[in-house]
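K.L.:
Let's see this in three dimensions:
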Amino acid sequence: MSGIIRTKLSVMMFLEFFIWGAWFVTMGTYLGKSLQASGTQIGTAYATQSLGAIIAPFIIGLIADKYFPAQKILGILHLAGGGLLWYGTTVSNFEGFYPIILLYMIIYMPTLALVNSVSFKQMANPNKEFPPIRFFGTLGWIIAGTIIGKLAWEQNNTLVLTFKMAAVASIALGLLSFTLPDTPPAKKGQKTTFSEVIGLESIGLLKNRSYLTFFLASVAICVPLAFYYNFTNPFLNEVGMKEAAFKQSWGQWSELIFMAAMPLFFVRLGVKKMLAIGMLTWVVRYVCFAYGNGDANYWMLIAGIVIHGVCYDFFFVTGQLYTDNLAGERFKSAAQGFITLATYGVGMLMGSYISGPIVDSHKTAAGHDWQAIWLIPAGIALGVLVLFLLFFRDKNAIETRPGLDIEEPSAAVQI
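P.N.:
Residues are numbered from 1 along each chain as shown. All right, here's what the predicted structure looks like:
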């Protein structure tokens, strides 16, 4: 791969996640302060991510993979997405904003798979060449949060600028996409079935009791996960944290650090302990949020943020690798698509619709009873952990390949 292509792919990956990170983290705060949205409405807005994740495989599997070059679809989707994001800044109520963000997420979520397709097509050895390029995606998310925090858009109630910033970046990526190397449709002329699109070919894995336990735990743990993605930024701003979006980006640095250390943990801990530690860390995070504040327990807020690497990597990345090893060569892609659809689609969708009413039910004259709110997802995560420990039996270590070959899910969130 030439230096020019590598640079273009790195910029593509940077912008892909910069766009998402520019508005997603702080949308709850924006909706609450600028559009006077309720917790239920905020949860409904975040549910559009899950709806997009559910629809994305059909756009990729039935359209992109069969008829059009990936880079051109990527360009069209981002140009359209940029226009939608900018238009969203002109509406002044949630009723007008919701259909815009819903349509945007249906457009955006398929691009997560498209940037991977464009990247892999240019690589002779994806195991070694992809991670350095994917790093720029996480960096893009971090830079977006840093800009928002350092420019004090949260404190100044100017978060509408996050959508304008994302819109400009989306248009830039749309234009860049048309200069990317040609990535012709992978399944041109082939017949694609419904079961192939959603990964049902791998459903036989659920006959394995341990994998069924893992699968159900993965869906269930996404319910408390939605509380974090939907309401952490409003919570941190309400309790008085300065530069909240910037400090939340520390979680992505943590993710990178623990990702690099994953092979060492695999060898020493094995599948069951890795997954259990990941779920336990979600409990710890929510307890930290429940008892943290802007004064003496400020350190608990920071701790709840920086353990993100353990929360995400130990459960979701370990789960990807566990699925990959169990599925084998024939069904690995279908299995990754199926688990992604179940977690970030169904699981997160349930979490988004559950979290909003709970936040509303704990509204007070001064804001919210956040301690009571955060103890609910902590309790859910603890319940999932206990059931997982009781029924999961596979204690073997994951077979790791050189370069820690972690497949990127076709439409997953990696935050």
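
K.L.:
Disregarding residues adjacent in the polypeptide, which is nearest to Met109?
P.N.:
Spatially, and ignoring its direct neighbours in sequence, Met109 is nearest to Gly52 (3.4 Å; C-beta to C-beta, 6 or more residues apart in numbering). Quick note: C-beta positions are derived from backbone N, CA and C, even for glycine.

K.L.:
then the helix or strand hosting that neighbour to CSV, C-alphas only?
P.N.:
Under DSSP states H and E, the secondary-structure element containing Gly52 is helix 39-59. Once non-C-alpha atoms are left out, helix 39-59 reads as follows in CSV (Å, rounded to 0.1, in the frame of the first residue of the first chain):
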residue,chain,number,x,y,z
GLY,A,39,-35.3,12.0,29.5
THR,A,40,-37.6,9.8,27.6
GLN,A,41,-37.1,11.9,24.5
ILE,A,42,-33.4,11.9,24.9
GLY,A,43,-33.5,8.1,25.2
THR,A,44,-35.6,7.9,22.1
ALA,A,45,-33.1,10.1,20.2
TYR,A,46,-30.3,7.8,21.2
ALA,A,47,-32.3,4.8,20.1
THR,A,48,-31.9,5.9,16.5
GLN,A,49,-28.3,4.5,16.7
SER,A,50,-29.8,1.1,17.3
LEU,A,51,-32.4,1.4,14.6
GLY,A,52,-29.6,2.5,12.2
ALA,A,53,-27.5,-0.6,13.3
ILE,A,54,-30.5,-2.9,12.6
ILE,A,55,-31.1,-1.4,9.1
ALA,A,56,-27.4,-1.0,8.2
PRO,A,57,-26.8,-4.7,7.2
PHE,A,58,-29.6,-4.5,4.7
ILE,A,59,-28.2,-1.4,3.1
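
K.L.:
Longest helix in the chain, please.
P.N.:
As far as residue count goes, and with DSSP state H defining each element, the longest helix of the chain is helix 250-291.

K.L.:
which other helices and strands contact that helix?
P.N.:
On a contact count with 3 or more C-beta pairs under 8 Å, 6 or more residues apart in numbering; DSSP states H and E, helix 250-291 meets helix 126-150, helix 209-238, helix 298-306, helix 308-312, helix 318-340, helix 370-391.

K.L.:
6 Å instead?
P.N.:
In this structure, helix 250-291 makes packing contacts with helix 126-150, helix 298-306, helix 308-312, helix 318-340, helix 370-391, judged by 3 or more C-beta pairs under 6 Å, 6 or more residues apart in numbering; DSSP states H and E.

K.L.:
Tell me which of these sits most buried.
P.N.:
The highest average neighbour count among the helices and strands packed on helix 250-291, using mean count of other C-beta atoms under 10 Å, belongs to helix 308-312 at a mean of 24.
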